[in-house]
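> can you look at this prediction? I've put the sequence above it.
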Amino acid sequence: MSTSSTNIKRFTREEVAKHNTENDLWIIIDSRVYDVTRFKNLHPGGAFVFLEESIPGQDATDAFFGLHRYEVLERPQYKRLQVGLIEGEEPEIHGKINGELSKVPYAEPTWLVEGYHSPYFTDNHRRFQKAIRELFDEYVYPDAQARELDGKRPSQSVIDKMAELNIHAMRMGPGKHLKGLTLMNGLVKPEEYDYFHELIISQEVVRCGARGYGDGLLGGCVIGLPPVLNFGSPELKAKVVPEVLSGKKFICLAISEAHAGSDVFGLQTTATKTEDGKYWIITGAKKWITNGTFADYFTVGCKTEDGFTVILVERGEGVETKPIKTSYSPTAGTAYITFDNVKVPVENTLGQEGGGIFVMLSNFNHERWVMCCASARSQRLLIDECLKWTCQRKAFGKPLHSQAVVRAKMAGMIARTEAVQSWLENITHQMCHMSYKEQASKLAGPIALLKMFSTRCAQQSSTDAVQIFGGRAVTQSGMGRFIEHYHRAVPFDALLGGAEDVLADLGVRQAIRNMPKNARL
Ligand code: HEM
């Protein structure tokens, strides 16, 4: 036995082999030596596993990684079990390294993989991605894991950190609202900021693998603030926008109702004017409202005399929000909201009275495109998890990937993910070169079809991932915890922003409308 300069004791494998009894039991995992003599009786997997023939005093690396995620070794209570390292060896296995790109094939989009090229992303995008990833790995990822467990909304400290760098503002896309702001400590100038920068933020958020938290992290603002930005009066914007973008107040989009989801004309929440014409009186209920439980502002779709009108409501008398228990976590703050004779100044009307459909439609494209960014990136988590698992898990004496059926599932998963990202990058490029109006006329169909395609791919891949992980994909802890979470939450992706069939139909109807009158077979 020797002690290195870093004070870690070094043992030869022969020395470790002597600690091979029930009362003196050591094991080796990736060159690290663990004394599990006392721990074995507390081990969640039982004491007996340590007494099997191939374990006491021996290298248990393969046995360990067939049953545990790397993160188990990082927990402080287990780190303490390490008594030293093997002489002349260094640990090689690692879990997630903060800020780094995954080296697992297809786990990152091509533009981030060394040796590959992209016509769309510049060096500035690359520097931006690196800075965002470092920040999110350090602050967002740990908060996401903790909040998924306790169900609380994302910590204010994370929201403040993002506000400091103007990330909430950047999530609204390029535009006038960025003017004069310092973005990511000056890494990108407001006039340089484009949809590819925004795509990077939307894609990095979902790497935390916590779907409810992802929405909790001000998803409501991404869809609820644009109507204020684009259609609010200058006075209203001057009050609300800085409060929301600085993370001091929260906003959500409140359109869907128990009896009307995608069908905005079926809404029953009504807004009627007071006799003096100065106020709206709003009554009704909204359902499935992301961030609603903690929102201060509600961008509300209302039935009015002239049709459908969008009005900004501030939390106050007559507004009540109740949490809805969803298939993902309460972190998202999904709410059932009731408005009981809520009095709102008419100055809070967003856009024209009766022009609500225009307000909503102009919001849909960007909103659905953000959803595509998230869905496309989230599918890579499945690839990353499944490739690692199929390599480290041995069944019938061989790694899982030795089964052709497993490889075939992986092939589909990779092909679908790459197809979705490529189409997304193409559409993003179009957005960078089109006015908002052009985007509305030329891209509504393609974005709807991409969203439909992306979530179908995601659902197929998640079903395949469950098959690959087996029983582990249905438990909320352990090896398959991210797969379990993904599979549980993915149907939601396929609904928000319009159900798959509705979007598919929208895309094809637009194509039919654009058919040249003289085209014949
Ligand atoms: C320092 C060494 C070890 C630590 C700290 C440890 C810790 C844990 C923990 C925390 C769990 C709960 C599940 C999870 O969070 O993933 C677990 C489960 C388990 N462990 Fe270990 N373990 C160690 C070594 C081993 C070894 C060497 C074996 C096998 C030879 C083993 C077999 C199991 C089994 C069978 C389960 C149950 C797995 C399941 O429910 O899917 N463990 N262990």
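Done, it's in.
> going forward, measure contacts between C-alpha atoms and count neighbours the same way
Fine.
> in this structure A504 contacts S454, no?
No. Judged on CA atoms under 8 Å, A504 makes no contact with S454 at a distance of 11.4 Å.
> next, the closest residue in space to M413 that isn't next to it in sequence: secondary structure please.
Leaving out its chain neighbours, the residue that sits closest to M413 by CA to CA, 6 or more residues apart in numbering is S461, at 5.3 Å. The three-state assignment at S461 reads helix, by DSSP: H, G, I helix; E, B strand; the rest coil.
> G478 now?
Applying three-state DSSP: G478 is coil.
> what's near enough to touch it?
L67, H68, R69, R472 (CA atoms under 8 Å, 6 or more residues apart in numbering).
> burial measure for the third one, as a count.
Looking back up the chat, that one is R69. Using other CA atoms under 10 Å, R69 is surrounded by 17 other residues.
> which of the three states applies to it?
coil.
> tell me who's in contact with it.
R69 sits next to G478, M479 when contact means CA under 8 Å, 6+ apart.
> now it: how far from the ligand?
6 Å (CA to the nearest ligand atom, to the nearest Å).
> of all residues in the protein, which one is nearest the centre?
Of all residues in the chain, the one closest to the mean position by CA atoms, centre = their mean is V206, 2.6 Å from it.
> those helices in the stretch 251-400 of the chain, which residues are they?
356-392 (DSSP state H, counting those that start in this stretch).
> so which residues of it form strands?
Using DSSP state E, counting those that start in this stretch, the strands assigned to the stretch 251-400 of the chain run over residues 251-254, 270-273, 279-289, 297-304, 307-314, 319-323, 335-345, 349-350, 394-395, 398-399.
> would you turn these into JSON lines with mean neighbour count?
JSON lines is the format used below for the strands of the stretch 251-400 of the chain (neighbours: other CA atoms under 10 Å):
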{"stretch": "strand 251-254", "mean neighbour count": "29"}
{"stretch": "strand 270-273", "mean neighbour count": "20"}
{"stretch": "strand 279-289", "mean neighbour count": "22"}
{"stretch": "strand 297-304", "mean neighbour count": "25"}
{"stretch": "strand 307-314", "mean neighbour count": "24"}
{"stretch": "strand 319-323", "mean neighbour count": "18"}
{"stretch": "strand 335-345", "mean neighbour count": "20"}
{"stretch": "strand 349-350", "mean neighbour count": "24"}
{"stretch": "strand 394-395", "mean neighbour count": "15"}
{"stretch": "strand 398-399", "mean neighbour count": "14"}
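> for the stretch 51-200 of the chain, which residues are neighbours of the ligand?
A60, A63, F64, L67, H68, R69, V72, L73, Y78 (CA under 6 Å from any ligand atom).
> follow-up on the earlier one: which of A504 and S454 has more residues huddled nearby?
Remark: of A504 and S454, S454 carries more neighbours, 29 against 20, as counted by other CA under 10 Å.
> check the spacing between the more buried one and I201 real quick.
Noted for S454: a distance of 18 Å to I201, by CA to CA, to the nearest Å.
> just G45 next, same as before
Counting by CA to CA, the gap from G45 to I201 is 39 Å.
> cool, W389 as well?
To I201, W389 is 28 Å away according to CA to CA.
> tell me the contacts of F231?
L350, G351, V359.
> isn't Q352 up against T309?
Yes. The pair Q352 / T309 is scored as a contact, 7.3 Å apart, by CA under 8 Å.
> quick one: common contacting residues for the two?
Counting by CA under 8 Å, 6+ apart, nothing touches both Q352 and T309.
> what's around P119, how many residues?
9.
> for it, give me phi and psi.
Dihedral pair for P119: phi -80, psi -10, per degrees, to the nearest 10.
> and the gap between it and the ligand?
P119 is 42 Å from the ligand, by CA to the nearest ligand atom.
> doesn't P174 fall inside a helix?
No. P174: not assigned to a helix; according to three-state DSSP it is coil.
> so what's it closest to, chain neighbours aside?
D194 (5.4 Å).
> tell me the predicted confidence for that neighbour.
What the model reports as pLDDT for D194 is 98.
> tell me the secondary structure at G412.
Strictly by three-state DSSP, G412 counts as helix.
> re the thing from before, contacts only, for the residue nearest to P174.
Residues in contact with D194, defined by CA under 8 Å, 6+ apart, are G173, P174, C432.
> repeat that for 10 Å
Going by CA atoms under 10 Å, 6 or more residues apart in numbering, D194 touches H125, M170, G173, P174, G175, V188, T428, H429, M431, C432, H433.
> and S378, by the same measure?
107, 203-211, 372, 417, 458, 486, 490.
> any low-confidence regions in the stretch 201-350 of the chain?
Along the stretch 201-350 of the chain, the parts satisfying pLDDT under 70 run over 261-262.
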